[in-house]
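*Asks:* Give me a model of this one.
(2 chains)
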Amino acid sequence: MNTSINSTYKKAQSLFIQLGLIVKKAFLLLIMLFTISSCSEDFLEWVPVNAVTAENYYQNEVQMQKALNAAYSAMGNRGMYGWWLPVVRIIRSDNTSTSEAQMVQHSIFTVNDTDRYLFNRNNGDGMWNSIYIGILRCNLILIRTNELNVPNPQTRNLILGQARFLRALYNYHLVTYWNRAPLMLEQNYNAIDVPLSDALTFYSAIENDLKIIIDNEMLPWTYDGSAGRERGRASMGSAFSLLGKIYLFQGKYAESAAAFDRVVSSNVYSLIPVNNIFSLAGDNGPESVFEIQFSNANAGPNPFFDDGVNAAETTLRNQTLAPNQYNGWENAWPTQSLVDAFEPGDLRRAAFIVVPGENFPTRTEPFAGTDRNRGPYAIKKGMGSGFSTGTPNGTGEENFPVIRYADVLLMYAEALIRANTDLNKAADLIDLVRARAFGFANINLLRDEELGINQYAQAKSINLFEALKHERRVELCFEGHRYTDLQRWGDAASNPILRDRGWTAENAFYPISREDIDLSSLIDNE
Amino acid sequence: MAKSLKAWITILLLVASGTLYAQQQVTGTISDENNDPIPFTNVLIKGTQQGTTSDVNGKYSILAEEEQVLVFSYIGYSTVEVPVGKQSIINVQLKAEIGSLQEVVVIGYGEVKKQDLTGSVAVLDTEELTRFPVANLGSAMQGRLSGVQVVNASEPGANPQILVRGFGTIFGDPNPLVVIDGLQTGVGALANIDPNSIESLQVLKDASAAAIYGSRAANGVIIITTKKGREDSFEVNYSSEIGVQMAANRFDLMNTEEYADYTSKLYVNSSTGLVQRRPPAWTQNPDVLAVSTDWQNEIFSPALMQNHNLNFSGGGKGSTYYMGFGYLNQQGVVPQTGFERYNFQINSQIKRNKFTAGQSLNLFYRDKPQSELTGNASRIYEVAPQIPVSDPDNLNGLGAPLPSRTGGNNMANPLAFQFRETETKTYGVLGNVYAEYEFVKGLSLRSDLNIDLSSVSFQRLRTPVDQSQAAITRNDTEILLRNFTNTQLNSETILRYNRMISDHSFNIMVGYTSIHTITKGVIASADNLEPGTRVPQTGLNQLGSAEYREERLLSQLARVNYNYQSRYLFTASIRRDGSSNFGKNHRWGIFPSFSAGWQLGDEAFMAPLDWLSTLKIRAGYGELGRTLGSFIATMNSDIRYPWPTGMFNGTAPLTVPNEDLRWETVKQYNLGIDMGFFDEKLRVNVDLYSRQSEDMIIRIPVPQYTGIIDQPWFNFGSMVNKGIEVELSYNHQASKNFNQQFKFNITLNRNELLELDNTQDTLVANGTLTTIGQPVAVHYGWLTNGINPQNGSMRFRDLDGDGLITGNDRVVLGSPHPDAFFGFTWSANIRNFDVSLFLQGVLGNQIMNESLQQLGSTHRDRNRLRSVLDNAWDRENNPEGTWPIISLRDENNNDRISERYIENGDYIRVRNAQVGYVLPDGLFKGAVKRVRLYASVINLLTITGYSGLDPDLNNNGDVFSLGRDTFRYPPMRSYNFGVQASF
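*Replies:* Have a look, this model is predicted:
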C-alpha cells in the first residue's frame, strides 16, 4: 500500500516537473509571440491619420478662416466663374453668338428632359452643383462659428458677415438663373428632401442676410491687406450693392436707390481708365466692389479640377473664348448687333472687342477675323492675362468683376429712372460712366461735346430708360449681366436675336437637374 | 422473486467468467514514427467498452485477457490492432495516415478530414491546375467550383472578378478574402502566384466555414497552400507551355465607302430651315476614298504566350524543402499590353522533436505594360477608315487626320498611342514564417508571422498622339511616376488541442491575430516636356505629392470541432474583430457560427444499401462582417483660394460624417448533402444556401442641393442571395487502358433587395435601379415605340401618360445577375493519350450593350457598325428602318438607355479543349520518370445570342456597372503547346 502511494506520488511529481517545464517553455514562447502581436487593444486606439474628419474640425479661428476660404473658392469653381458661368451666361444673350452645338450643350433655350442632365453631377456645366457646394460651406460657417472658436467679436463678425454675403450671392445666382430652387439655410442645411422655393422666398432670404450684415456693420468698407483682411473680401459696399440689385429685380426702386446711394456716398469707389476694366491692372482696384480672385501663381497641371493639388486657381474663360486663330476654343463671339451699338468715339469698343487688323492681347500677329461664318469679331475684354492651349489649358488670371462700380452707378440710375424720382441725378450717374468711356475728365466736358446720355436719347428719339439700357449693354458686355437685364426689363420676348434662337417664357430659366428630381421626393418635373 | 433470481444468476456467471479467463496487466509505450511518445492515445479492448488512454509519456496500462485484441487509435494516425496473447508489454508505433491526408481540407487555422467537414467548402482539383495551365489562379476557378462565379478579364495580367454565392454587397469590394499559407490578402495577390506551386485551393463558401475569418470573410474565403517537399525523397518537375493568342471576335464596321455614305447622310440630314448642310468635302474626293483602313486588323496582332516552371522538392529526415521557379510572359493582342512575371517559391520546414519551424516565401516580380487604347477602346473602332495607316501628309504618318481627309471625325490614328507608355512594375514577397511547439501530443502552440510586402512602381509617359502638333508645341506631354510600398504584417498565435477519448474526438483551437497595413508612396509628375525628349521644362508644371495610409485589425478567435465516431459532427466557432476603420462606438464586432453533420451512410440501418457508399447531411449557420476599405475622409483640406497676398488653403466638407457607422453583417444558412454511389464512382454534392446581408454599408446618393460632394455612408437595408449548388462527378474505368471522368457543376442564385432605407425604397444610379423585391442594380430605362415617321427620331413610351417623356417613364429592362452558371469537364485516358474538354457558361442574365449604344448610334461623325446603314430610318430609302435617322441633330436623345440595347447574356463556351500524350516508359531510361506532351485551344468556341464582343463581362466589382458592356479588352483565343516532365 505504501509503495503504491509512493509510486503514485513519484509519478505525480515527475508529471508536475514536466508540466513545469512545459509551462516555462510556453511562457517564453507566449512572451515572444505576444510581443510580436502587440497584444493590446491600444493597437486600435489611435487617431485616424488617414483623413481629416468633421469631428476634429471647426475648432479655432485658423480653421474657420480656412472654411471661409473654401466658401469663396467655390465661386471660382469650374462650374462658376472659373470657367462655365462667364461663357454660358453670355451665350444666352444677344451680345454674343455661339455654335449650334454649344447652344445644345449648354441648354440654351431648349427645355426637354435630356437638358436636365446638363446640371447633373459630373456630367454638366457644374454650375448648379458648385453653387450648392458653396452654400453648404457658408451654412456650416454660420452654424459652427461661436464665442469659443472665435473669441474676438470683431473677427467673429467679419467671418460671419462674409459667409452671409457669399450665401446671398450664391442665392442671387440661383434665383436669377433658375427662378425656383431649393433654398438651403442653417435650419435645413443637412436636409435631403427640400421643396423648391419661389423667387420671392429667395429674395427675402437674400435681403435678410444682407440686412443682418448692414444692421450689425459686420463688414468694413475697406480692407487693409493684412492677414485675414486681404483686399478683395466682401465689404459693406459689396453688401449694399447686392442689396440694391436684389431690390431692383423685385421692383423696389426706392429701396434700391437708397442702397446704391450708400455705396456712392461712401466715397470708397471710383472709375478706373477704360483699358483697366476687367484687367490685371484693375484687379481689386477702386472700381472693384466684389470680384472673384484668380491667380496663375500656382498653376497645377489640370485646370479642369475644382480642388486639390492638381487644380489651378486660374480661369479657363480666356481659353474658351479666345479666337481659333490663336488656338483658343472660340466658344462665343460678339454679334454684329453689339458692335453696332457702340457709338463713334466710344473707347470701350476697342477695349472690349477686337476686329480684324487690330491686335489681340498677348499675341503679336494681328487678328485676322474668322473664316467659319462667325462674323469677324472676337472678345477682348478680360483677356489681357492671356491663355495657353494644351497642357496646362487656360492660364487666365484676371479677377472676375461680379460687381463693379460702373455697374453700381448704372443700377442706381436705373432705380431712379424706374422710380421716376430724380431723372437728372440718373443722367449724371450715367454720364459718369460715359465720361470715362469717351475719355473725358468729367461729365460737363462730355456734355459739351454733346455726348451726354440725354443728348444720346434725343438723337435716337428714345427715353432715358432706353438710353440706360444701351449704356448697360455696351459697358457691361461679356460680364454675364445682359441676359438677366433683358429679363428684368421684360425685353427678352421682344428681342429679335433671342426670338430667333427659340426663347420662350418656358425656357427663360434653366431646368432643375434631372438627378435632383430623381433623388428628391418633393421636387417633380415642372 | 423470479427477477431477483435472474439477477443472481447473472452475477454468478460474471464471477465465474472472471475466474475462468485470467486477466493480465498489459503495459507499453505508444510512439510515432520518430519514436516520440503519443500521449492520450485511445487503447480499447476490441468489442468492449473497456479502455484507457496513454499518459503524457505515451505509456499505458490495461487489464486484458489473452485472446482479446487491443485497438490503438489516435487522430491523424492509422489505427493499429494487436492481439494480447501472452505479452505483458506491448509497445506500439503509430504511423501517420498518408492516405487520409489527401482527403484533408484546409479550413483556416487548421485542417479537417473531408469526411468530418460540416461546412460548405469547394475544393479545386489541383490536378486540373497542372493539366490546364493558366496565368492567373483566379481564372483556374472559372466553371470549376460550384457557387463560385468567376468572370474573366481577357487583358493579360488583369484580375478576374470572383463572386462567391452572388453579389453580397452594394458598395465595397465583392471579392472574397484570399489566404495564402495563412497570409490574409485580397484577390489581387492571385496574379502574383505561380499556379504551378499550388498544393491546394479551397473556397470556404458558407458562413459556418468562413466565420473563423470574421469581418474579412463576408464574401467567402479562398484558402491556398503552396507545395511542400516530402521527407526522404527528391523530385524535379519541369513544365513549359507556349502559345499564340488572337483576337477572338471583332466588330463589323464600315469601310471608307460606307462611311462616306453615312457621313454624307449625317450632315445633309441635320440641315435645318436656317442652315443647309452639305456632305464633307472628303466624301467627294477620289484620293481620300481610295484609302480604306481596317483598324481592327492593324491593331490586333497575334500575341505570344510562354509559361515555364521548374521545381525541386524533397527532404531528409526531419526536414523538407520545395523550390520552384516560374516564368510567365503573356503578350496581348493590343500592342503594348502584356504581362510578365517571375516567381521564386521557397518552402522549407524542419522538425526536431517537439519543435517545428518553417517558412514559405514567394518572391515575385511582375511587369504590366498598358495601352491607352484599352482604357478607351472606342479609339480603335470609331476612328475614320479613310485615314491611311501611315499618312504621308502627317509627321511620322501619325496624328489626327488632316482637315482634307475628314469632316468632324478628328480621332487620331490609334497607332500613334504607341508613343504613350504606361507600365506598372511590382516587386514583392508573400510569405509566412512559423514555429510550433508541441507540449504533449495533441497540445501545440503555433505562431505565424505573415508578410505581404510589395513595392509598386508606376510610370506613365505621354507624348503627343498628334505628332504633327508636337513638332511645334509641347502640348499634351507628361511624365508621371508613382512609387509606393504596401506592407501588411499579420501575426497569429494559435493554441491547439486535439484529443480523442474513446469515440469522442475533440479539436479545440483558440487564437489571437493582428493585421497591420501601411501604404506609403510618392507621386510626381511633370508636363510640357521638351519636344522629342523625356526632359521636363524646368520650373513649370512639376508636381509632387505623398500618400500615407494605415489600417489595423485585431482579432480573437476560437473553434471547437467535436465528433462522435466521425458520425455525428459538430463545429462551433467565434471571432471578435476590432477595426481601425470605424469610430470608437462601433469598433468591435462578434461573429459566431455553428454547424453540424451526420454521416448517415455509416449508420447500421443504411448498410443494406450496397450502391450507396456515402451519405452525409450538413447544416450550418454563421454570421460574418464587412468593414470598409478604409476610414472615411469627411473633409477636404485641399481647397485653395488666391487672395492678392498669395495662395491660401481652404477646408470644407466632402460628405456628411456618420459617427455611428458600424459593421455590415452577413447571416448565412447552409444545408448540404454529400452522396457517393457505387464505391464513390459517382459523387453528388448539393448545397442550399441563404446569404443575407444586413445593415449594409451603403452610399446614399443625395441631391446636389445638399452641397455634398461625396455621397455619405450609412448602414441601411438588407439583401439576400439564395441558391442551390450541385456538383456531380463520375469516374468510369472501362478497362485498364481506358477510363473517363465527367464533372459537372451548376449554381442557381437569386439576388433580391429586401430593404433599402427608411427614406427611400429605390436607388437610381448609372442607368440602374435598385428597388425592393428586385435584384440590385437592374437595368433601368425607357421603352421604345418605333420610329416617328415625321422626323425619323425614336419614339419612347409615355408610361405615366403625362404627355412628356420623362424619368418617370422608365421601367426595369432586365437583370444583370445570372440565374445560373455552370461548368462541365470531360476527360479521358486511352492508353498513353488523354483528351479533355472543358465547357463553362452562364444563363439568364441580361447585358446592357453599351458598345451597340455607341457604335450603333446614328448621331456622331464616328465610324459605326455596318448594320447602321441597313437599319437607320430614311424617309425615301428606308422608311421601314427601325433605328433613328442618321443625323447630327438628336434633341430627342435617341440613344438613351432603352430595351434596344438589352440583350440576353446566356452563353456556353468551350473554354479549353486539350489532347495529351504521355511518352512510353521505354523511351527514357534512368532519371526521367514521365514526360507528357499536349496541345490545347483556349476559348475555342462560344455559343451565345449576344451581339457584342464577349458576354463574359468583368465589371471590376462595381455593382452598378454589372452587365454593362462598355468597350473592354477584346476576348482572345489561344493555341498552346506544352510539355510536362518529371525526373
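
*Asks:* List the residues that contact residue 168.
*Replies:* You didn't say which chain, so I picked chain A. A:205-206, A:209-210, A:239, A:242, A:246 (Cβ atoms under 8 Å, 6 or more residues apart in numbering or on different chains). C-beta here means a position set from N, CA and C on the backbone, and glycine is covered the same way.

*Asks:* Chain B is the one I meant
*Replies:* The neighbourhood of B:Gly168, defined by Cβ under 8 Å, 6+ apart, consists of B:174, B:218-219, B:626, B:666, B:691, B:693, B:719, B:721.

*Asks:* Would you write a PyMOL line that selects the buried entries of those?
*Replies:* Here is the PyMOL command that picks out the buried ones among the contacts of B:Gly168, judged by 16 or more other Cβ atoms under 10 Å in any protein chain shown:
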select buried, chain B and resi 174+218+219+626+666+691+693+719+721
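
*Asks:* Dump the contacts of B:Gly168 to JSON lines, plus distance to chain A, secondary structure and pLDDT.
*Replies:* As requested, these are exported to JSON lines (distance: Cβ to the nearest Cβ, whole Å; DSSP: H, G, I helix; E, B strand; the rest coil; pLDDT from 0 to 100):
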{"residue": "B:Pro174", "distance to chain A": "23", "secondary structure": "coil", "pLDDT": "85"}
{"residue": "B:Ala218", "distance to chain A": "20", "secondary structure": "coil", "pLDDT": "87"}
{"residue": "B:Asn219", "distance to chain A": "23", "secondary structure": "coil", "pLDDT": "89"}
{"residue": "B:Arg626", "distance to chain A": "18", "secondary structure": "strand", "pLDDT": "82"}
{"residue": "B:Val666", "distance to chain A": "22", "secondary structure": "strand", "pLDDT": "90"}
{"residue": "B:Arg691", "distance to chain A": "28", "secondary structure": "strand", "pLDDT": "93"}
{"residue": "B:Ser693", "distance to chain A": "23", "secondary structure": "strand", "pLDDT": "90"}
{"residue": "B:Met719", "distance to chain A": "21", "secondary structure": "strand", "pLDDT": "91"}
{"residue": "B:Asn721", "distance to chain A": "27", "secondary structure": "strand", "pLDDT": "94"}
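
*Asks:* Find the centremost residue of chain B, please.
*Replies:* B:Ile162 (3.1 Å; Cα atoms, centre = their mean).

*Asks:* Just confirm it contacts B:Lys205, I think it does.
*Replies:* No - the pair B:Ile162 and B:Lys205 fails to qualify as a contact (Cβ atoms under 8 Å) at a distance of 11.7 Å.

*Asks:* residues bridging contact with the two, i.e. touching both?
*Replies:* Applying Cβ under 8 Å, 6+ apart, one finds that B:Ile162 and B:Lys205 are jointly contacted by B:Val148.

*Asks:* before we move on, the earlier item: out of the contacts of A:Ala168, who's nearest A:Pro195?
*Replies:* When these are compared for distance to A:Pro195 (Cβ to Cβ), A:Ala205 comes out closest, at 14.2 Å.

*Asks:* Would the strand or helix carrying the closest one count as contacting chain B?
*Replies:* A:Ala205 is part of helix A:199-215, with elements assigned from DSSP states H and E. No - between helix A:199-215 and chain B, judged by Cβ under 8 Å from any Cβ of the partner chain, nothing touches; the nearest distance is 12.9 Å.

*Asks:* quick one: the next helix or strand after that helix near chain B?
*Replies:* Read in the C-terminal direction, the helix or strand following helix A:199-215 is helix A:236-250, with elements assigned using DSSP H and E. No - shown here: helix A:236-250 not in contact with chain B (Cβ under 8 Å from any Cβ), separated by at least 15.3 Å.
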